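Q: Coordinates for the following, if possible.
(2 chains)
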Amino acid sequence: MSLVSVIIILVTWKFFSLYFNSEFVLPSPEKTLLTTLKLFVDDRFLVTVGTTILRSLTGFIVSFFLGLLAGIAAGVNPYVDAFLRPVLVTIRSVPIIAIILLALIWLTPGTVPVFIAMLTMFPFICTNVSDGIKSVDRDLVKMAKFYRVENARIVKELYIPAIMPFIISGASSAMGIGWRAIITGEVLSHPRYGIGTLMQNAQTFLNVDVVIAWTIIAVVISYGFEKVIRWSERKLIIWRA
Amino acid sequence: MTLEVKGLHKRYGEVEIFRDFSISFTEGMITCILGPSGCGKTTLLNILGKIIPPDGGTLAGFDGKIVSYIFQEPRLLPWKSVRGNIEFVLDRNLLPEERKKITDRFISLVELEDFADYYPAKLSGGMRQRVSIARAFAYPSDIILMDEPLKGLDIKLKLNLIQTFSRIWQEDRRTVIFVTHDVDEALLLGNEIVVFSRAPVEIVTQKQIGVPIEERSLNSDYLKNLEKELLRALGG
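A: Residues are numbered from 1 along each chain as shown, chains lettered A, B, ... in the order given. Presented below is the predicted three-dimensional model:
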């Protein structure tokens, strides 16, 4: 079925490219595919893609640990939870573009996308971790306490496995949103290397095929991240029915 | 040896559950506490297990005693196998081989050898409760407290679990205090049966059953007569 949907997209694309009949509006799928392949052999390809991936991983790792700490604090302590709630709602409801505009004033072009990624990813990780902790079965904790299991083992063998599914689903949403935010950030901040930078350049010269080619590459990389996360989920959560 | 509760007081707000209540338990016996729902049976177990403090009264013979529990729900960790769930409660000072030996012994006593590496999600309800029985016995306790562990199971499963339970119990005859509102369960499993009244709790009647557990049948005249007496005591 997925194959059918890809074919329908390609056919529709081809139809519209024939209809407009202009490279500057919508190039044909085969031309775009060719452009995509040409990008791969471009000597700036690796450093461009590598820099953008590095930015997203940096943003992800930083927000993951901050989110984990804040999420645990909020999950354990209702006061921290009440304190963080409006902060998270604010971060989430501020338009990304507003944050980017401010970041452009405050930060250097290379760090803007990382900062944006951190801000967009952090709420997902934090909320999921604190929800995970709140969802831990109290009866299981009581059971462990009845049997006088040491607190360190209750954390390691009861709390951590219980919140693992929440952490993974948080990581997955964070990566999906964060990756898009990074590229948006690059388009506007124009760092030396970055997928967004090259997309912006191509757009300036009306190289529509290049813009679409980079989009395809960005989608493929994002799909790769998702695969890695799902793979680690299967490895870590083998106990589900 | 007996375990004794003397002059127990406990109230929750306006509800007085125990007022100068005393009861004793014979060690090495299965005592069934039978009573209407909400009469304070679970409260008594929690006091005996030192999970909630009484408002007054003394416990004699409980000091230094280790307690294990069988709950109404199996309360297994979903991310641990049958083996892992039993090992979870064992003392970390034991060597891993010793823990494994104890675990394996109780897994085979509840006849789950073929399922030792299964996660709870793959087991039936009855099997899960058998794991929780194995866990309670594998834990080196002096007393096992059971809070309606058979509630909600069908009669066939109940009989099966009662057989499993009594088979393991024969091995070391631990002190068991078993709370239920089901007369049949009490008749099948108890050496002593104590009937509680509604709160504030008083002991309505106390019976002993001499017939060994494995020879009991609910169809025997002896148990049928006893059942009538207990039902009358519960209704009164």
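
Q: tell me the phi and psi of residue B:211?
A: Phi and psi for residue B:211, reported as degrees, to the nearest 10, are phi -70, psi 130.

Q: The host helix or strand of residue B:187 - what's its average pLDDT?
A: Residue B:187 belongs to helix B:183-189 when assigned by DSSP states H and E. For helix B:183-189, mean pLDDT rounds to 89.

Q: For it, list the C-alpha coordinates in CSV.
A: Output of helix B:183-189 as CSV, limited to C-alpha atoms (Å, rounded to 0.1, in the frame of the first residue of the first chain):
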residue,chain,number,x,y,z
VAL,B,183,-16.6,-19.5,52.6
ASP,B,184,-15.5,-22.3,50.1
GLU,B,185,-11.9,-20.9,50.0
ALA,B,186,-11.7,-20.9,53.7
LEU,B,187,-13.1,-24.4,54.0
LEU,B,188,-10.6,-25.7,51.4
LEU,B,189,-7.5,-24.0,52.7
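
Q: Any idea how far it is from the middle of the chain?
A: 12 Å (C-alpha atoms, centre = their mean, to the nearest Å).

Q: Get me the contact residues on chain B for chain A.
A: Selection of chain B residues close to chain A by C-beta under 8 Å from any C-beta of the partner chain yields B:49, B:51, B:67-69, B:71, B:73, B:75, B:77-80, B:88-89, B:92, B:119-122, B:135, B:139. (Each C-beta comes from the backbone N, C-alpha and C, glycine too.)

Q: Report the contact partners of the residue most central in space within chain A.
A: Central residue of chain A (C-alpha atoms, centre = their mean): residue A:175, 1.9 Å from the mean position. Listed by C-beta atoms under 8 Å, 6 or more residues apart in numbering or on different chains, the contact partners of residue A:175 are A:56, A:60, A:121, A:222, A:225, A:226, A:229.

Q: Phi and psi next, for the third one.
A: The phi and psi values for residue A:121, taken as degrees, to the nearest 10, are phi -80, psi -40.

Q: so residue B:26 makes contact with residue B:61?
A: No. Taking C-beta atoms under 8 Å as the definition, residue B:26 is not a contact partner of residue B:61, at 10.7 Å.

Q: So if I had to pick from the two, which one is more boxed in?
A: Legend: neighbour count by other C-beta atoms under 10 Å in any protein chain shown for residue B:26 and residue B:61, higher for residue B:61 (17 against 14).

Q: That one reaches residue B:1, doesn't it?
A: Yes. Residue B:61 is within contact range of residue B:1, at 6.7 Å (criterion: C-beta under 8 Å).

Q: Show me whatever sits in contact with both of those two.
A: Joint contacts of residue B:61 and residue B:1 (C-beta under 8 Å, 6+ apart) are residue B:27.

Q: Helices of chain B, residue ranges please.
A: Taking DSSP state H as the criterion, chain B carries its helices at B:41-48, B:82-88, B:96-109, B:125-138, B:155-172, B:183-189, B:221-235.

Q: So which bits of the fifth one are buried?
A: Read it as helix B:155-172. By neighbour count with 16 or more other C-beta atoms under 10 Å in any protein chain shown, helix B:155-172 contains the buried residues B:157, B:158, B:159, B:160, B:161, B:162, B:164, B:165, B:166, B:168, B:169.

Q: show me the contacts for the last one.
A: Yep, that's residue B:169 we're talking about. B:30, B:176, B:213.

Q: separation between the residue of chain B found nearest chain A and residue B:152?
A: Nearest to chain A, among the residues of chain B, is residue B:121, at 3.6 Å (C-beta to the nearest C-beta). Distance from residue B:121 to residue B:152, counting by C-beta to C-beta, to the nearest Å: 19 Å.

Q: Would you map the helices across chain A?
A: A:2-20, A:29-41, A:45-76, A:78-93, A:96-106, A:111-134, A:138-146, A:151-154, A:160-189, A:195-204, A:208-236.

Q: Tell me which of those helices sits most buried.
A: Among the helices of chain A, helix A:111-134 has the highest mean neighbour count (mean count of other C-beta atoms under 10 Å in any protein chain shown), at a mean of 24.

Q: Give me the packing partners of that helix, helices and strands only.
A: helix A:45-76, helix A:78-93, helix A:96-106, helix A:160-189 (3 or more C-beta pairs under 8 Å, 6 or more residues apart in numbering or on different chains; DSSP states H and E).

Q: closest one to residue B:198 among these?
A: Across the helices and strands packed on helix A:111-134, residue B:198 has its closest neighbour in helix A:78-93 (37.0 Å, C-beta to C-beta).

Q: tell me the mean pLDDT over that closest one?
A: Mean pLDDT, helix A:78-93: 90.

Q: swap in stretch A:137-154?
A: Stretch A:137-154 comes out at a mean pLDDT of 92.

Q: Is that stretch positioned near chain B?
A: Yes. Part of stretch A:137-154 sits near chain B under the criterion C-beta under 8 Å from any C-beta, namely A:139, A:140, A:142, A:143, A:144, A:146, A:147, A:149, A:150, A:153.

Q: residues contacting the third one?
A: If I follow you right, that is residue A:142. Contacts for residue A:142 were tallied using C-beta under 8 Å, 6+ apart; they are residue B:75.
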